[in-house]
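Trainee: model the following, please.
(one chain, ligands or ions: 1)
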Amino acid sequence: MANPTPPESVATSTASKSSTPNRNTASNAQISPKPAAGAVSNPHKVPPRACYLSTHVKIEVGSKKKIYVIHKDLLRFYSDYFRGAFSGSFKEAIEGKVSLPEEREAVFDIFTQFLYSRLLADDRDEKISWATLVDVWLFGDKYLVPSLQNSAMDSLIKKIEVDHSVPTHQIKKIWEKTLPSSPLRRYLLEHTAYRLSASSFQMFENHWTREALVELVKTFFDKEDTKKYVFPAREKCYYHIHKEGEKC
Ligand SMILES: [Zn+2]
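Mentor: Numbers count the residues shown, from 1 in each chain. Now for the predicted structure:
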(Lines give C-alpha, C1' and ligand atoms only; values in the text may rest on other atoms or scores of the structure.)
Protein backbone atom coordinates (compact mmCIF):
# COMPACT_ATOMS: atom_id res chain seq x y z
CA MET A 1 0.00 0.00 0.00
CA ALA A 2 1.18 3.50 -0.76
CA ASN A 3 2.65 5.52 2.02
CA PRO A 4 0.84 8.58 3.20
CA THR A 5 1.95 12.02 4.10
CA PRO A 6 0.78 13.12 7.53
CA PRO A 7 -2.14 15.48 6.85
CA GLU A 8 -1.07 18.31 9.17
CA SER A 9 2.46 18.47 7.81
CA VAL A 10 1.31 19.26 4.28
CA ALA A 11 -1.45 21.69 5.10
CA THR A 12 0.67 24.63 4.09
CA SER A 13 2.14 23.11 0.95
CA THR A 14 1.26 24.83 -2.29
CA ALA A 15 1.54 21.76 -4.49
CA SER A 16 -1.58 19.75 -5.20
CA LYS A 17 -0.95 16.30 -3.79
CA SER A 18 -2.96 13.16 -3.44
CA SER A 19 -3.47 11.61 -0.02
CA THR A 20 -3.31 7.90 0.63
CA PRO A 21 -4.16 5.81 3.69
CA ASN A 22 -1.46 5.60 6.24
CA ARG A 23 -1.04 2.90 8.80
CA ASN A 24 -1.31 -0.49 10.33
CA THR A 25 -0.58 -2.68 7.36
CA ALA A 26 2.02 -5.34 7.77
CA SER A 27 4.21 -3.62 5.20
CA ASN A 28 3.77 -0.21 6.80
CA ALA A 29 4.48 -1.25 10.33
CA GLN A 30 3.25 0.60 13.34
CA ILE A 31 3.43 -1.59 16.37
CA SER A 32 0.83 0.11 18.52
CA PRO A 33 -2.82 -0.15 17.52
CA LYS A 34 -3.51 3.26 19.02
CA PRO A 35 -5.61 5.50 16.81
CA ALA A 36 -4.15 8.45 14.97
CA ALA A 37 -4.46 11.99 16.21
CA GLY A 38 -8.01 13.16 16.38
CA ALA A 39 -10.64 10.72 15.09
CA VAL A 40 -13.27 9.73 17.61
CA SER A 41 -12.84 6.17 18.93
CA ASN A 42 -16.05 5.82 20.95
CA PRO A 43 -18.85 4.64 18.61
CA HIS A 44 -21.42 6.19 20.94
CA LYS A 45 -20.02 9.70 20.86
CA VAL A 46 -22.40 12.01 18.99
CA PRO A 47 -20.83 14.25 16.32
CA PRO A 48 -21.35 18.00 16.78
CA ARG A 49 -24.34 19.43 14.88
CA ALA A 50 -21.96 21.42 12.67
CA CYS A 51 -20.85 18.16 11.05
CA TYR A 52 -24.31 17.81 9.52
CA LEU A 53 -24.28 21.39 8.26
CA SER A 54 -20.92 21.16 6.50
CA THR A 55 -20.47 21.00 2.74
CA HIS A 56 -20.78 17.70 0.91
CA VAL A 57 -17.92 15.82 -0.69
CA LYS A 58 -17.98 12.94 -3.15
CA ILE A 59 -16.40 9.55 -2.54
CA GLU A 60 -16.03 7.36 -5.60
CA VAL A 61 -15.94 3.69 -4.63
CA GLY A 62 -15.04 0.45 -6.41
CA SER A 63 -14.43 -0.46 -10.02
CA LYS A 64 -17.92 0.75 -10.96
CA LYS A 65 -17.12 4.15 -9.45
CA LYS A 66 -20.25 4.42 -7.34
CA ILE A 67 -20.56 7.96 -5.96
CA TYR A 68 -21.39 8.59 -2.30
CA VAL A 69 -22.22 12.16 -1.29
CA ILE A 70 -21.33 12.71 2.38
CA HIS A 71 -20.98 15.63 4.76
CA LYS A 72 -17.31 16.54 4.80
CA ASP A 73 -17.02 17.27 8.52
CA LEU A 74 -18.71 14.00 9.40
CA LEU A 75 -15.95 12.15 7.52
CA ARG A 76 -13.38 14.32 9.25
CA PHE A 77 -14.92 13.64 12.67
CA TYR A 78 -14.64 9.87 12.28
CA SER A 79 -11.53 9.43 10.14
CA ASP A 80 -8.07 10.91 10.31
CA TYR A 81 -7.51 9.76 6.75
CA PHE A 82 -10.42 11.85 5.45
CA ARG A 83 -9.47 14.67 7.81
CA GLY A 84 -6.12 14.75 6.03
CA ALA A 85 -7.50 14.23 2.54
CA PHE A 86 -9.95 17.10 2.86
CA SER A 87 -7.47 19.53 4.38
CA GLY A 88 -5.07 22.09 2.95
CA SER A 89 -3.84 21.70 -0.59
CA PHE A 90 -4.48 18.05 -1.25
CA LYS A 91 -5.99 17.46 -4.68
CA GLU A 92 -8.94 15.81 -2.90
CA ALA A 93 -9.55 18.89 -0.74
CA ILE A 94 -9.53 21.20 -3.74
CA GLU A 95 -11.83 18.99 -5.81
CA GLY A 96 -14.00 17.86 -2.88
CA LYS A 97 -13.66 14.29 -4.08
CA VAL A 98 -11.80 11.11 -3.14
CA SER A 99 -11.52 7.97 -5.27
CA LEU A 100 -11.26 4.58 -3.59
CA PRO A 101 -11.21 2.15 -6.56
CA GLU A 102 -9.96 -0.79 -4.47
CA GLU A 103 -12.75 -0.71 -1.90
CA ARG A 104 -15.94 -2.77 -1.93
CA GLU A 105 -19.31 -1.04 -2.20
CA ALA A 106 -20.75 -3.40 0.43
CA VAL A 107 -18.16 -2.23 2.93
CA PHE A 108 -18.56 1.44 2.07
CA ASP A 109 -22.37 1.10 2.36
CA ILE A 110 -21.87 -0.07 5.95
CA PHE A 111 -19.38 2.72 6.63
CA THR A 112 -21.85 5.30 5.30
CA GLN A 113 -24.65 3.90 7.42
CA PHE A 114 -22.34 4.01 10.43
CA LEU A 115 -21.44 7.66 9.75
CA TYR A 116 -25.08 8.71 9.97
CA SER A 117 -26.39 6.26 12.58
CA ARG A 118 -23.37 5.20 14.68
CA LEU A 119 -24.61 1.64 14.15
CA LEU A 120 -23.57 -1.28 12.03
CA ALA A 121 -26.35 -3.00 10.13
CA ASP A 122 -25.58 -6.10 12.15
CA ASP A 123 -26.82 -4.36 15.29
CA ARG A 124 -30.33 -4.64 13.87
CA ASP A 125 -31.89 -7.07 11.45
CA GLU A 126 -29.47 -7.11 8.56
CA LYS A 127 -26.83 -9.74 9.06
CA ILE A 128 -23.32 -9.02 7.87
CA SER A 129 -21.23 -11.94 6.66
CA TRP A 130 -17.96 -12.85 8.36
CA ALA A 131 -16.00 -11.71 5.33
CA THR A 132 -17.71 -8.32 5.20
CA LEU A 133 -17.46 -7.74 8.93
CA VAL A 134 -13.73 -8.46 8.83
CA ASP A 135 -13.45 -6.18 5.78
CA VAL A 136 -15.24 -3.40 7.68
CA TRP A 137 -12.68 -3.72 10.51
CA LEU A 138 -9.82 -3.70 7.99
CA PHE A 139 -11.37 -0.68 6.22
CA GLY A 140 -11.37 1.14 9.56
CA ASP A 141 -7.73 0.17 10.03
CA LYS A 142 -6.74 1.47 6.60
CA TYR A 143 -8.70 4.72 6.74
CA LEU A 144 -8.13 5.43 10.44
CA VAL A 145 -11.71 5.06 11.69
CA PRO A 146 -11.26 3.60 15.22
CA SER A 147 -14.92 3.90 16.21
CA LEU A 148 -15.94 1.84 13.18
CA GLN A 149 -13.33 -0.77 14.12
CA ASN A 150 -14.61 -0.90 17.69
CA SER A 151 -18.19 -1.38 16.52
CA ALA A 152 -17.09 -4.08 14.08
CA MET A 153 -15.08 -5.75 16.87
CA ASP A 154 -18.14 -5.82 19.16
CA SER A 155 -20.21 -7.34 16.35
CA LEU A 156 -17.54 -9.94 15.60
CA ILE A 157 -17.32 -10.97 19.26
CA LYS A 158 -21.10 -11.22 19.48
CA LYS A 159 -21.27 -13.23 16.25
CA ILE A 160 -18.54 -15.62 17.40
CA GLU A 161 -20.27 -16.17 20.75
CA VAL A 162 -23.71 -16.67 19.15
CA ASP A 163 -22.56 -18.87 16.27
CA HIS A 164 -20.02 -20.80 18.39
CA SER A 165 -17.60 -20.66 15.52
CA VAL A 166 -14.49 -18.72 14.60
CA PRO A 167 -14.01 -17.26 11.10
CA THR A 168 -10.87 -19.28 10.44
CA HIS A 169 -11.37 -18.87 6.67
CA GLN A 170 -10.53 -15.18 7.23
CA ILE A 171 -7.20 -15.89 8.94
CA LYS A 172 -4.99 -15.69 5.84
CA LYS A 173 -6.43 -12.28 4.88
CA ILE A 174 -6.32 -10.93 8.44
CA TRP A 175 -2.70 -11.95 8.93
CA GLU A 176 -1.73 -10.43 5.60
CA LYS A 177 -3.35 -7.09 6.39
CA THR A 178 -2.71 -6.55 10.10
CA LEU A 179 0.19 -6.33 12.52
CA PRO A 180 0.89 -8.73 15.41
CA SER A 181 -0.51 -6.27 17.94
CA SER A 182 -3.84 -6.02 16.13
CA PRO A 183 -6.85 -6.50 18.43
CA LEU A 184 -8.51 -8.50 15.65
CA ARG A 185 -5.68 -11.04 15.66
CA ARG A 186 -5.58 -11.07 19.46
CA TYR A 187 -9.26 -11.85 19.80
CA LEU A 188 -9.17 -14.73 17.29
CA LEU A 189 -6.07 -16.18 18.95
CA GLU A 190 -7.44 -15.89 22.47
CA HIS A 191 -10.86 -17.21 21.54
CA THR A 192 -9.20 -20.23 19.95
CA ALA A 193 -6.88 -20.77 22.92
CA TYR A 194 -9.52 -20.40 25.63
CA ARG A 195 -12.75 -21.57 24.07
CA LEU A 196 -12.09 -24.16 21.38
CA SER A 197 -11.60 -27.87 21.85
CA ALA A 198 -8.78 -29.68 20.07
CA SER A 199 -11.28 -31.41 17.78
CA SER A 200 -12.94 -28.07 16.82
CA PHE A 201 -9.53 -26.63 16.04
CA GLN A 202 -8.53 -29.63 13.93
CA MET A 203 -11.62 -29.35 11.75
CA PHE A 204 -10.19 -26.16 10.19
CA GLU A 205 -6.50 -26.51 10.96
CA ASN A 206 -5.60 -25.99 7.29
CA HIS A 207 -6.95 -22.41 7.52
CA TRP A 208 -4.12 -21.44 9.87
CA THR A 209 -1.04 -19.94 8.25
CA ARG A 210 2.37 -20.69 9.74
CA GLU A 211 2.66 -17.17 11.18
CA ALA A 212 -0.78 -17.44 12.76
CA LEU A 213 0.06 -20.84 14.22
CA VAL A 214 3.25 -19.51 15.81
CA GLU A 215 1.23 -16.72 17.43
CA LEU A 216 -1.33 -19.28 18.57
CA VAL A 217 1.39 -21.30 20.30
CA LYS A 218 2.60 -18.12 22.04
CA THR A 219 -0.99 -17.40 23.10
CA PHE A 220 -1.17 -20.85 24.72
CA PHE A 221 2.08 -20.18 26.59
CA ASP A 222 0.68 -16.87 27.87
CA LYS A 223 -2.73 -18.21 28.86
CA GLU A 224 -4.12 -17.00 32.15
CA ASP A 225 -5.16 -19.58 34.69
CA THR A 226 -8.86 -20.14 34.01
CA LYS A 227 -11.14 -23.15 34.01
CA LYS A 228 -11.23 -25.14 30.77
CA TYR A 229 -13.09 -23.31 27.96
CA VAL A 230 -13.58 -20.22 30.14
CA PHE A 231 -12.47 -16.86 28.85
CA PRO A 232 -10.63 -14.68 31.39
CA ALA A 233 -12.50 -11.56 32.54
CA ARG A 234 -11.92 -8.77 30.09
CA GLU A 235 -13.05 -5.16 30.30
CA LYS A 236 -15.33 -3.93 27.53
CA CYS A 237 -12.63 -2.04 25.65
CA TYR A 238 -9.98 -4.81 25.83
CA TYR A 239 -10.17 -5.47 22.08
CA HIS A 240 -10.89 -1.86 21.13
CA ILE A 241 -8.63 0.83 19.75
CA HIS A 242 -8.51 3.93 21.93
CA LYS A 243 -6.09 6.64 22.82
CA GLU A 244 -4.49 6.45 26.26
CA GLY A 245 -7.11 6.91 28.98
CA GLU A 246 -10.06 6.82 26.57
CA LYS A 247 -12.90 4.28 26.81
CA CYS A 248 -16.31 3.61 25.38
ZN1 LIG B 1 -13.97 0.90 23.84
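Trainee: past the helix or strand of the chain at the bottom of the mean pLDDT ranking, which element shows up next along the chain?
Mentor: Across the helices and strands of the chain, mean pLDDT, DSSP states H and E gives its lowest value to helix 91-95, namely a mean of 88. Once helix 91-95 ends, the next helix or strand along the chain (criterion: DSSP states H and E) is strand 97-100.
Trainee: ok so, going back, pull out the buried positions in the least confident helix or strand of the chain.
Mentor: Across helix 91-95, burial judged by 16 or more other Cβ atoms under 10 Å covers 92-93. All C-beta atoms are positioned from the backbone trio N, CA, C, and that covers glycine.
Trainee: which elements pack onto the helix or strand harbouring F111?
Mentor: Element membership of F111, judged by DSSP H and E, is helix 105-117. Helices and strands touching helix 105-117, by 3 or more Cβ pairs under 8 Å, 6 or more residues apart in numbering; DSSP states H and E, are strand 56-61, strand 66-71, helix 72-78, helix 130-142, helix 146-163.
Trainee: of these, give the one that comes closest to H169.
Mentor: If you check each of those against H169 by Cβ to Cβ, helix 130-142 wins as the nearest, at 7.4 Å.
Trainee: now the closest one, how far from the chain's geometric center?
Mentor: Helix 130-142 sits 5 Å away from the centroid of its parent chain (Cα atoms, centre = their mean, to the nearest Å).
Trainee: what mean pLDDT does it have?
Mentor: Across helix 130-142, the average pLDDT comes to 95.
Trainee: who does it touch, helix- and strand-wise?
Mentor: helix 105-117, helix 146-163, helix 171-177, helix 183-195.
Trainee: if you set the cut-off to 6 Å instead, what comes out?
Mentor: Applying 3 or more Cβ pairs under 6 Å, 6 or more residues apart in numbering; DSSP states H and E, one finds that helix 130-142 contacts helix 105-117, helix 146-163.
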